[in-house]
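1. structure here, sequence nowhere to be found:
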């Protein structure tokens, strides 16, 4: 494990077993935990987490792609501590320096005409508001999303969240339709020249540089949805530049640009859900949509915006924002002084620490090293992503692309944890390992992660051979 000179404080709270009992007795059963023996985390420092026994872990999940600049980043921590002694909260009915300063700083990072900001508390709330804006502005109702998309758990956003595990058995999302996901690994079309990534799928295809036949076929499916599932006028289309919860799924190059044009022809607005892709995580650009050569009508963001502080935002055009004035939308905590100070410090840390550049360099290295494991192990079906947004899809074999059984994935997951490596799981069947670490990880950290994963895969191979 790479060295770390940080020494965590001694854990002094309840014993582990009492904590576990409280969790099981009083916490909603919907809030599941990872691992057979859930981790009791005590402290964090940049890319590292420490449990109650002082054991150190390399965090490659970052609170679900949230801790962008690092756990307890000194600049962000200092800014928050200073503001705590000045003013915790006042609603947006008053002005305070932090919200005006932050508004100017954040909106300067987006292209014209995306210059009007509305701060909220979570990504679900931001996407919910974006859907409201789209409907009010266009005076249309239907909204389209991708199958496999995740946009939140509110009654509105559940309609465009299209992963069964995240839906409830109750009415939700009226007026929401989903369309075929242009997935070049799992879908019917796509192959080795289709996506914007340092690593391509091993599937063969008939595409050539500058001409993606898979993109054209998926666009035909999108047109079919427009022709059959919605009225001739729609409110909008929402998409993640790279799908997060579904396992870092990327679309064919050029797809999103053509889809946006088709939506605009139907009178709709285009919403880019940057909750996981924003703030430099894709490396090549600050915002995921920039990698597709598009400018959305509405952008939503959360997670990395506050490095773990509960905040989110919607940024749009003035005329779309103006549609909200028909009523009186209000958010008690949106844009409070603490949130804005933390958000501002996060932007400073990204720039001053060179995190976007680091994300591209380390992420590209990590992707290429993981791709070597794909070539070595039959159960590693696909390695994909950009920057430090990476997915490793596990399969029974590369020919069938069927998901590796859950119990086998869990064994690999546990082995990695026991060796000091934490990452997440995603995909329709939780068959994809999600790697979205703090953007401050180093090449040495990346090499450690690859070595641990290699060891875990080797152990799995031996277990499988012994069972035959």
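-> It's in. Note that the structure is a prediction, hence the values are computed from the model and not measured.
2. domain map for this protein?
-> 57-65+355-467, 77-352 (automatic domain parsing).
3. strands along the stretch 1-150 of the chain, start to end?
-> Applying DSSP state E, counting those that start in this stretch to the stretch 1-150 of the chain gives strands spanning 41-45, 48-51, 56-59, 116-120, 143-146.
4. same question but for the stretch 201-350 of the chain, I mixed them up
-> 236-239, 269-273, 298-301, 312-316.
5. now render these as TSV, adding mean neighbour count, mean pLDDT and distance to residue 63.
-> Placement of C-beta: from N, CA and C, glycine included. Converted to TSV, those look like this (neighbours: other C-beta atoms under 10 Å; pLDDT from 0 to 100; distance: least, C-beta to C-beta, whole Å):
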stretch	mean neighbour count	mean pLDDT	distance to residue 63
strand 236-239	29	98	23
strand 269-273	28	98	18
strand 298-301	28	98	16
strand 312-316	27	98	14
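6. nearest to residue 230, out of those strands?
-> Closest approach to residue 230 among the strands of the stretch 201-350 of the chain is made by strand 236-239 (10.1 Å; C-beta to C-beta).
7. quick one: list the elements packing against that closest one.
-> Other elements packing on strand 236-239 under the criterion 3 or more C-beta pairs under 8 Å, 6 or more residues apart in numbering; DSSP states H and E are helix 123-138, strand 143-146, helix 255-265, strand 269-273.
8. partners of that strand in the sheet?
-> strand 143-146 (parallel), strand 269-273 (parallel) (DSSP bridges).
9. other residues contacting that strand?
-> By C-beta atoms under 8 Å, 6 or more residues apart in numbering, the surrounding residues in contact with strand 236-239 are 127, 130-131, 134-135, 138, 143-146, 149, 151, 160, 256, 259-260, 263, 268-273, 297-298.
10. now with 6 Å?
-> 134, 143-146, 160, 263, 268-271, 273 (C-beta atoms under 6 Å, 6 or more residues apart in numbering).
11. equivalent analysis for stretch 287-300, please.
-> Outside of stretch 287-300, the residues within contact range by C-beta under 6 Å, 6+ apart are 111, 126-127, 130, 196, 241-242, 256-257, 260, 269-274, 277-278, 282, 284-285, 314-316.
12. hmm, back to that, ok, the contacts of strand 236-239 vs residue 85, which is closest?
-> Of the contacts of strand 236-239, the one sitting nearest to residue 85 (C-beta to C-beta) turns out to be residue 273, at 35.7 Å.
13. how much space between the residue nearest to that closest one when sequence neighbours are not counted and residue 149?
-> Leaving aside its chain neighbours, residue 273 sits nearest to residue 240 (4.6 Å; criterion: C-beta to C-beta, 6 or more residues apart in numbering). For residue 240, the distance to residue 149 (C-beta to C-beta, to the nearest Å) stands at 6 Å.
14. have a look at those two and say which one is more surrounded.
-> For residue 240 versus residue 149, the count of surrounding residues by other C-beta atoms under 10 Å is larger for residue 240: 27 against 23.
15. from residue 105, how far off is that one?
-> Distance from residue 240 to residue 105, counting by C-beta to C-beta: 24 Å.
16. one step back: closest one of the contacts of strand 236-239 to residue 327?
-> Using C-beta to C-beta, the contacts of strand 236-239 come closest to residue 327 at residue 134, 15.1 Å.
17. give the contact list for that closest one.
-> Counting by C-beta under 6 Å, 6+ apart, residue 134 has contacts 235-236, 269.
18. want to throw the domains of the chain into a markdown table with distance to residue 38?
-> Converted to a markdown table, those look like this (distance: least, C-beta to C-beta, whole Å):
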| stretch | distance to residue 38 |
| --- | --- |
| domain 57-65+355-467 | 11 |
| domain 77-352 | 19 |
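19. and residue 8, which of the ones you listed is closest to it?
-> Of these, nearest to residue 8 by C-beta to C-beta is domain 57-65+355-467, at 11.5 Å.
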